[in-house]
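Peer 1: what's the 3D shape of this:
(one chain, ligands or ions: 3)
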Amino acid sequence: MDYIEKIKNIVREKFSSPPKANVVTFGCAQNENDSEKIRGLLYSIGYTMTDSIEDSDMVVYNTCAIRENAELKIFGNIGKLKALKAANPDMIVAVCGCMVMQQHIVDKIKKSYPFVDIVFGVNNLEILPQLMCSRYTENKKQILSPIDKTDIVENTPVLRSGKSKASISIMYGCDNFCSYCIVPYVRGRERSRKPQDIMAEFRQLIADGYKDITLLGQNVNSYGKNLEENVDFADLLRMLCTVPGEYVIHFMSSHPKDINKKVIDVIRDNPRISRQIHLPVQAGNNRVLKEMNRRYTIEQYMDIINYAREQIEDVTFSSDIIVGFPGETYEEYLDTEKLVKEVKFTQLFTYIFSPRSGTKAATMEDNVSYKEKTVWLNRLIKIQQDIVFEHLDSFKGKTVTALVEEKHGESDYTARLANTFVVKFISNTDFTDQFVKLKITGKKGTSLTAELLK
Ligand code: SAM
Ligand code: SF4
Ligand code: F3S
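Peer 2: Numbering: from 1, shown residues only. Ligands and ions are numbered 1, 2, ... in the order given. Below is the predicted model:
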């Protein structure tokens, strides 16, 4: 807070009108949640937010390291700032997030992108005002090397992007070390926030009118493991559902090795929890899963899917899949196709394996060409498309509740079901950010069409 006050005065003297900041997020929902905190800090300092880089006095790139193409895209974006910075030397360029939790990336930025003023990692966002103070008062770049910091800082200011949708990080880091994944190396060890801090944030969101809340963590099902309190994820869900109001709770990601019947029972007993469960399976073959260090089998995965189907009417599943893991054969890939056809996910995020330096899988022998992997990926995408059409058709004639997201033109609206399907409808009244009842009339592309009931 001291540094916020200090930099506030510096900024007030430096700029005749409120300076503008552009915070750009790459990567997952957890990074987007961090960006809302970065915007909150900048807003407290006196910045207004802009979507235009050309217009900005400060640009922050919150980066992702999950796949190589994510990093290449980010370097491309940073490179484009060179000319802008030359035209406006007062502009601050900051790079933060998962990518700069790798020393070789920080070294590359120092060497090849000398116009970057500030670099800071993922677990110390609150240091930004201090770095800005030093940047302005000492006129020195502030390029931090990755640090291993595990304490949780509460009460960082937040500037939310949405009016009805919001996310809450319930935990940080990851201890699972799936053999392909960089996240445990860049986000550090798993730690959970105290339930009372999460409850306070949740209550505030509901009081502020938020209606769609997503609980975030790399493995929400291991929530609570490091806490003094004896509380697990199912307990947390149950506590949250005691808060009165009209809202829906989502959570992501669930790890199939840790999700249990207790969580499924809590979902069953609390209609405010979304009936869509994101349960990343990654592969349909047990040998590949073992090599991935996922620590469950397809049989165990199907057991929990079947239990959820028995207990929760209308339950659906979404998932993440990696094709072309090192050593995966065509026959093993076909097991993934088989699983996808069997579970019939409503949404599937599919990726080609990308070797990440420092992970175990990056050193494994990989005999399948990228071209071949692309063929597998496209096959899977096509299979999933047909499954989505089937799901869309099954909605015809049903009455659903959806949260209205956007108005297009005079009277066209899009709303979203809790299972993330988009519904298009016409209304003379603006119900944006409210729940409406709709009767599904059909489908158009990958969206549903509906009549407004209420
Ligand atoms: N913690 C989540 C879980 O275990 O399901 C996943 C988090 S990760 C941010 C999102 C997804 O990226 C993963 O589920 C996986 O499918 C994909 N992913 C991670 N590392 C990858 C890699 N090296 N190559 C391709 N996809 C990868
Ligand atoms: Fe990565 Fe596995 Fe952790 Fe998910 S659970 S973030 S895939 S290491
Ligand atoms: Fe998320 Fe990318 Fe980091 S997926 S956790 S922002 S590496």
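
Peer 1: contacts and neighbour counts: CA atoms only from here.
Peer 2: Will do.

Peer 1: got a list of contacts for the least confident helix or strand in the chain by mean pLDDT?
Peer 2: Least confident helix or strand of the chain, by mean pLDDT, DSSP states H and E, is helix 2-14 with a mean of 92. By CA atoms under 8 Å, 6 or more residues apart in numbering, the residues outside helix 2-14 that reach it are Pro18, Pro19, Leu41, Ser44, Ile45, Gly46, Pro129, Gln130, Met132, Cys133, Tyr136.

Peer 1: tell me what the helix or strand containing Glu332 is packed against?
Peer 2: Using DSSP states H and E, Glu332 sits within helix 330-343. Applying 3 or more CA pairs under 8 Å, 6 or more residues apart in numbering; DSSP states H and E, one finds that helix 330-343 makes contact with helix 370-394.

Peer 1: For the helix it packs on, list every residue counted as buried.
Peer 2: Lys373, Trp376, Leu377, Leu380, Ile381, Gln384, Gln385, Ile387, Val388, Phe389, His391, Leu392 (16 or more other CA atoms under 10 Å).

Peer 1: Please apply the same query to stretch 156-170.
Peer 2: Of the residues in stretch 156-170, Pro157, Val158, Leu159, Arg160, Ser164, Lys165, Ala166, Ser167, Ile168, Ser169, Ile170 count as buried by neighbour count, 16+ other CA under 10 Å.

Peer 1: For those residues, please prepare TSV with the additional fields distance to ligand 2.
Peer 2: Formatted as TSV, these follow (distance: CA to the nearest ligand atom, whole Å):
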residue	distance to ligand 2
Pro157	26
Val158	24
Leu159	25
Arg160	24
Ser164	27
Lys165	23
Ala166	21
Ser167	17
Ile168	17
Ser169	14
Ile170	14
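
Peer 1: Mind checking which of the residues you listed land in strands?
Peer 2: Among those, the members found in strands (DSSP state E) are Lys165, Ala166, Ser167, Ile168, Ser169.

Peer 1: Ligand 3: which of those residues is nearest?
Peer 2: Nearest to ligand 3 among those, counting by CA to the nearest ligand atom, is Ser169 at 11.7 Å.

Peer 1: Near ligand 3, which residues of the stretch 51-200 of the chain are found?
Peer 2: Residues of the stretch 51-200 of the chain lying close to ligand 3 by CA under 6 Å from any ligand atom are Cys64, Ala65, Ile66, Cys98, Val183.

Peer 1: what about the nearest residue to the second one once chain neighbours are set aside, distance to Asp232?
Peer 2: In this structure, Ala65 finds its nearest non-sequential neighbour in Met99, 4.7 Å apart by CA to CA, 6 or more residues apart in numbering. Here the distance between Met99 and Asp232 works out to 30 Å (CA to CA, to the nearest Å).

Peer 1: between the two, who's got more neighbours?
Peer 2: Legend: neighbour count by other CA atoms under 10 Å for Met99 and Asp232, higher for Met99 (27 against 18).

Peer 1: doesn't Arg187 make contact with that one?
Peer 2: No. The pair Met99 / Arg187 is not scored as a contact, 10.0 Å apart, by CA atoms under 8 Å.

Peer 1: what sits against the residue nearest to Ala65?
Peer 2: For Met99, the contacting residues are Thr63, Cys64, Ala65, Glu71, Ile105, Val186, by CA under 8 Å, 6+ apart.

Peer 1: near ligand 2, which of those show up?
Peer 2: Within these, nothing lies near ligand 2 by CA under 6 Å from any ligand atom.

Peer 1: Give me the subset of those lying in helices.
Peer 2: The helices, defined by DSSP state H, take in Glu71, Ile105, Val186 from the contacts of Met99.

Peer 1: Tell me, how many residues neighbour the last one?
Peer 2: The one in question is Val186. Neighbours of Val186 under the rule other CA under 10 Å: 25.

Peer 1: Also the first one?
Peer 2: Residue crowding around Glu71 was assessed by other CA under 10 Å; the count is 19.

Peer 1: Could you find the closest non-adjacent residue to it?
Peer 2: Nearest non-adjacent residue to Glu71, counting by CA to CA, 6+ apart: Ala65, 5.8 Å away.

Peer 1: list the buried ones in stretch 295-312?
Peer 2: Arg295, Tyr296, Thr297, Ile298, Tyr301, Ile304, Ile305, Ala308, Ile312.

Peer 1: hmm, back to that, closest to ligand 1 out of the ones in strands among the buried residues of stretch 156-170?
Peer 2: Closest to ligand 1, out of all of those and judged by CA to the nearest ligand atom, is Ser169, at 13.0 Å.

Peer 1: which residues does the residue nearest to that closest one when sequence neighbours are not counted bridge with?
Peer 2: Once flanking residues are discounted, Ser169 sits nearest to Leu216: 4.5 Å by CA to CA, 6+ apart. Beta-bridge partners for Leu216, by DSSP bridges, are Ser169, Met252.

Peer 1: how about the buried residues of helix 370-394, which pair is most distant?
Peer 2: Within the buried residues of helix 370-394, two members stand farthest from each other by CA to CA: Lys373 and Leu392, at 28.5 Å.

Peer 1: Follow the chain on from the helix or strand that Tyr301 is a member of and name the next helix or strand.
Peer 2: Under the criterion of DSSP H and E, Tyr301 resides in helix 298-311. Later in the chain than helix 298-311, the nearest helix or strand by DSSP H and E is strand 316-323.
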